[in-house]
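In: Generate a structure from the sequence data that follows.
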Amino acid sequence: MVNWMTLSPELFYGLVMTAVFMVLCLVPANPRRDHATALILAAVGLAVTVGATGMRGDLFVDTYRVDLFSQVFKVMLSLGLLLVVLLCSELAGVDEKRHALVYLLLSLCTLAMMMLVSAVNLVTIYVALELSSYCLYVLVFLRKGQARSAQTAIRYFLVGASASAVMLFGLALIYGAARTTSVVALSAALPQLISRPDVLTGLLMVLGGFFFKLALFPFHFWAPDVYEGAANQVAAYIATASKVATVAVLIRIVAMAGDGSLLLVRALAALAIVSMTVGNLTAIVQKDFKRMLAYSTIAHGGYILLGILSMSPEGFSAAVFYAFTVLVLKFSCFFVLAKVATDGANLSIDGLAGLHRRSPLLAMVLMMALFALAGIPPTIGFTGKLFIFTAAMAKGHLVLVLIAMFNVVVSLYYYLLAIKAAYLTEPAKNLPAIRLSVGERLLAGALVAVTVCAGIFPAPLLDLAEAAVRTVI
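Out: Now for the predicted structure:
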C-alpha cells in the first residue's frame, strides 16, 4: 500500500499549485495577486519539501524511490523555484495576461524534475524528463515583444526533441542487452555488460540526453540563444533548477555503470575538457550578460562532470555540493540582472556601468557571485572546485585537474570584465538609483552570506551531500 505522505512534495506541487494556478488562468489577470499567490505557494512548497526529507520508500512497483538523495535534490528544486518566483515581482518580459501561466508552468516543471530525481526506472526517467522539457519550451516562447523568442523556442524544441530521440534509442539498446528497465537491476547487470559495444553506445546515448540538459559540449549550442531569447526570470530558472535535476540523474546513471569501464571514463573526460575550454574561451568575447552566463554554465557543467567521472563517493558528493553552488551563484547573477533591467530587456555587460553608485548592495552581490564562480577563496565556488579537484586527484586524474585549473584562470578574465563594468566604468548618461525593498535587501544579504559562509564552513552541506550519495552507491 502506498504511503501517500511519502509523496507530500509531489502531491503539493501536483494538486494544490496546479489547481490554484488553473483558477488564476481562468479569472481576469492581476499581476500583483498572481505573484503573491505564487510566492506563498512556493514558500509553503519549500516548507513541505523540507519536512519530507526524512521520508523513505520504494513506490509504484519499485519504479519510484524516495530516499535522502532524492529528497535533498527536491529541497534544492523547491528552493530554486521560490527564488525565481521572488524575481517575478517585476515580470516585465511576459504579458500580464500570461503571468499565471508562467507560474503554472514553473510549478509543473518543478514537479516533473522532482519525479526525475526519484525515478529509478528508465521509462519513468524518460517521461519525467520530457515533461520538464516541454514546460521549458513553452516558457521560453512566452516572452513578449521579441520575435526572436519564438524562433529560439522552436529551435530549442527541435534540438531537444532530437536529443530525446537519441536518448530513447540508447534506452532501447540498454534494455535489449540487460532485459530490464529497473535502475536497481541495471546497477547489478551493467558492470558485467559495460564492455559490450552496444551497451556502452547505449549508455553514452542516454547520457547525451542529460548532457543536453546540462549544456555540455557538443550539446551546448542551444544554451546561449535560449538564455538570450527567454525572459530573464525564465532564463534564471533554466540556469539553476534544471541543472540541479540533471546532476541528480547523471549521478544515478553513472553510479549504476560501475567504475570498470575505462572507455566510459575517457569519453566523459573528453567531454569535460572540451566543455570547460569551449565555454570559458567563448565567454570571453560575449557582450550580452546572459550569453556570458550561458557559456559560463557550459564551463561549470564540465567541472561537475569532472566530479562525476571520478566515480567515487567523494566525487559524487562534490558534484552534489557544486550543484548547490551553481544554484546560489547563478541566481545571484540573475537577481542583479533582473533588478538592473527592470523593463525585462536583455542587459549588456556595459549596461552594468555605474552599478556601485546606483546600488552598492547589488554591486556587492554581483562581485561576490562572480568571484565565487571564478573560484576565488574563501567563497563557496572555491570550496566546491576544491572538493571536485581533490576527488579527481584521488582517482589519478592529474591532467584533468591541471586543465580545469587552467580554465579557472581563463574564466577569471571575463568575470573581472563584468566586475570592472560595475565598479570602474562610468555610464554614458546619469542613471537613477535602484530602489530595493526590505525583502530584496534581506535576500541580497542572504546571498552574500551564503556565498561566503558556505565557503568557509562547508562541512554541514558536504556531510549532507555525502549522506545522500551513500544511498545511491
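
In: Next one: residue 208 from residue 217, what distance?
Out: 11 Å (CB to CB, to the nearest Å). Placement of C-beta: from N, CA and C, glycine included.

In: who's more crowded, those two?
Out: Comparing residue 208 with residue 217 by other CB atoms under 10 Å, the one with more neighbours is residue 217, at 21 against 18.

In: what number of residues lie near residue 377?
Out: 13.

In: Please read the previous query as pertaining to residue 227.
Out: By other CB under 10 Å, 28 other residues sit near residue 227.

In: Quick check: which element contains it?
Out: Element membership for residue 227 (DSSP states H and E) is helix 222-229.

In: Sort out which residues of the helix or strand just after that helix are buried, please.
Out: The helix or strand immediately downstream of helix 222-229 is helix 232-257, counting by DSSP H and E. Going by neighbour count (16 or more other CB atoms under 10 Å), the buried part of helix 232-257 is 232-257.

In: Helix 232-257 - contacts with which helices or strands?
Out: helix 68-87, helix 99-118, helix 122-141, helix 183-193, helix 197-214, helix 222-229, helix 289-308, helix 313-340 (3 or more CB pairs under 8 Å, 6 or more residues apart in numbering; DSSP states H and E).

In: do that again at 6 Å, thanks
Out: Here helix 232-257 touches helix 68-87, helix 99-118, helix 183-193, helix 197-214, helix 289-308, helix 313-340, going by 3 or more CB pairs under 6 Å, 6 or more residues apart in numbering; DSSP states H and E.

In: mean pLDDT lowest for which of these?
Out: Among the helices and strands packed on helix 232-257, helix 183-193 has the lowest mean pLDDT, at a mean of 79.

In: Please compute how far it lies from its chain's middle.
Out: 28 Å (CA atoms, centre = their mean, to the nearest Å).

In: Then stretch 243-252?
Out: 9 Å.

In: Need the mean per-residue confidence for that stretch.
Out: pLDDT averaged over stretch 243-252 gives 88.

In: Can you show me the CA trace of that stretch as CSV?
Out: This file holds the C-alpha atoms of stretch 243-252, laid out as CSV (Å, rounded to 0.1, in the frame of the first residue of the first chain):
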residue,chain,number,x,y,z
LYS,A,243,20.8,22.0,-13.8
VAL,A,244,20.2,20.6,-10.3
ALA,A,245,17.9,17.9,-11.5
THR,A,246,20.2,16.9,-14.3
VAL,A,247,23.1,16.4,-11.9
ALA,A,248,21.0,14.1,-9.8
VAL,A,249,20.1,11.8,-12.7
LEU,A,250,23.6,11.8,-14.1
ILE,A,251,24.9,10.6,-10.7
ARG,A,252,22.3,7.8,-10.6
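
In: contacting residues around stretch 400-418?
Out: Here stretch 400-418 makes contact (CB atoms under 6 Å, 6 or more residues apart in numbering) with 269, 273, 276, 280, 283-284, 306, 349, 370, 374-375, 389, 392-393.

In: Can you pick out the most distant pair from those residues?
Out: Using CB to CB, the contacts of stretch 400-418 reach their maximum pairwise distance at 349 and 393, which is 34.4 Å.

In: Those two: which is more packed in?
Out: Ranked by neighbour count (other CB under 10 Å), residue 349 and residue 393 place residue 349 first, with 19 against 13.

In: which residues sit in contact with the more buried one?
Out: 289, 418, 421.

In: again, but for residue 339
Out: Contacts of residue 339 by CB under 6 Å, 6+ apart are 362, 434.

In: Mind doing that once more with 8 Å?
Out: When contacts are counted by CB atoms under 8 Å, 6 or more residues apart in numbering, residue 339 touches 359, 362, 434, 436, 440.

In: Does the third one fall in a helix, a strand, or a coil region?
Out: With DSSP: H, G, I helix; E, B strand; the rest coil as the basis, the three-state label of residue 434 is coil.

In: Touching, it and residue 340? I think so.
Out: Yes: with contacts counted by CB atoms under 8 Å, residue 434 reaches residue 340, the gap being 6.8 Å.
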